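Chemist: below are the sequence and a predicted model for it; my questions follow.
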Amino acid sequence: MTRCFSLSVAVHGHFRSGFIKSGLRPVSTDLNDGTIVHCWVPKTRPDSKPNLLLIHGLGATSVWQWSAVVRRLSPHFNVFVPDLLFFGGASTTRPERSESFQAQCLMALMEALSVKRFSLVGLSYGGFVGYRMAAMSGGAAVVERVVICCAAVCMEEKDLRDGVFRVSDLDEASRILVPESVGKLRELMD
């Protein structure tokens, strides 16, 4: 069979190479409940560096979303970069699909990797997951610091009425952010 050049495969390979050059290696962790989480982890994990979890948003894998910053962060942090479930190499046979379930899986991943304390950065949907992780850790201080980027974690119906977002209600926002058709994907891109 003749092989064709694929730009997306080439770009993905370039991003993977950047992760490897940044001192990361890919691992897949079986959470023993039908869930497997793929994550980029440090090849070595000095205790002198704080742990940092980077959580990507919808529509991307970890390497596509975080390729521009991993190289800059890895000299200062033990960087962990997972794929959320149903993205990249992460999957589950369980029926749950919420950000709370994603958060539970990432907490279990960090525990399986023997990471006791960490800070996190969540981008877009990853911000919702990170917010849930911080709430789950409660007083245990597992999650030390949280940075949420481009996520309306505290959005309320009032914000929609006041015109903060160009949607009529939270249901419409959900339908746009998680497209179920090509037309809805185009609407999201607009």
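Modeler: Nice, thanks for sending it over. Computed from a prediction, not measured in an experiment: that's the story for all the values here.
Chemist: so if we follow the domain assignment, how does this protein break up?
Modeler: Split into domains by automatic domain parsing, the chain comes to 7-153, 155-190.
Chemist: need these in a markdown table with mean pLDDT and mean neighbour count, can you?
Modeler: The way it works is simple: take the backbone N, C-alpha and C, and place the C-beta from them, glycine included. Formatted as a markdown table, these follow (pLDDT from 0 to 100; neighbours: other C-beta atoms under 10 Å):
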| stretch | mean pLDDT | mean neighbour count |
| --- | --- | --- |
| domain 7-153 | 90 | 17 |
| domain 155-190 | 67 | 12 |
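Chemist: quick check: closest non-adjacent residue to His38.
Modeler: Distance criterion C-beta to C-beta, 6 or more residues apart in numbering; nearest residue to His38, sequence neighbours excluded, is Gly89 at 3.1 Å.
Chemist: tell me the SS of that neighbour?
Modeler: coil (DSSP: H, G, I helix; E, B strand; the rest coil).
Chemist: try Phe80
Modeler: Under three-state DSSP, Phe80 falls in the strand class.
Chemist: for it, what are its contacts?
Modeler: 39-42, 51-54, 110, 113, 115, 118 (C-beta atoms under 8 Å, 6 or more residues apart in numbering).
Chemist: switch to 6 Å and redo it
Modeler: Counting by C-beta atoms under 6 Å, 6 or more residues apart in numbering, Phe80 makes contact with 39, 41, 53.
Chemist: I'm done for today, thanks for sticking with me.
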